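>>> give me a 3D structure for the following:
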Amino acid sequence: MEENHNKQKNFVQERDLKKIIEFLEKIQYGSVTVIIQDGKILQIEKNEKIRMK
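Have a look, this model is predicted:
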């Protein structure tokens, strides 16, 4: 018998998607990491590198 939590659909909040898009649009060099737990976005991290010429 499968557990119920395996059948639940993962749900992403629109505000979380907007924040991810905002980070992606603003970052020149670096990375955006999305941490997921139990099928939900738990944390969004932005690591930006500043290049000195």
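>>> tell me the centre residue of the chain?
When the chain is reduced to its mean C-alpha position, the closest residue under C-alpha atoms, centre = their mean turns out to be V34, at 2.9 Å.
>>> okay, and the beta partners of it?
Taking DSSP bridges as the rule, V34 bridges to I44.
>>> the helix or strand harbouring E25: how far from the chain's middle?
Assigned by DSSP states H and E, E25 belongs to helix 14-26. Helix 14-26 sits 8 Å away from the centroid of its parent chain (C-alpha atoms, centre = their mean, to the nearest Å).
>>> can you check stretch 9-23 too?
Relative to where its chain is centred, stretch 9-23 has its mean C-alpha point 7 Å off (C-alpha atoms, centre = their mean).
>>> likewise stretch 18-31?
A distance of 11 Å separates the C-alpha centroid of stretch 18-31 from that of its chain, computed with C-alpha atoms, centre = their mean.
>>> hmm, who's touching it?
Contacts of stretch 18-31 with the rest of the structure, by C-beta atoms under 8 Å, 6 or more residues apart in numbering, involve 32, 34, 44, 46-51. In short, each C-beta sits where N, CA and C put it, glycine included.
>>> repeat that with 7 Å
Stretch 18-31 has contacts (C-beta atoms under 7 Å, 6 or more residues apart in numbering) with 32, 34, 44, 46-49, 51.
>>> closest one of these to R15?
Within the contacts of stretch 18-31, proximity to R15 (C-beta to C-beta) peaks at I44, which comes in at 10.6 Å.
>>> list the contacts for the residue nearest to the centre of the chain?
Shown here is V34, whose contacts under the criterion C-beta under 7 Å, 6+ apart are 20, 41, 44.
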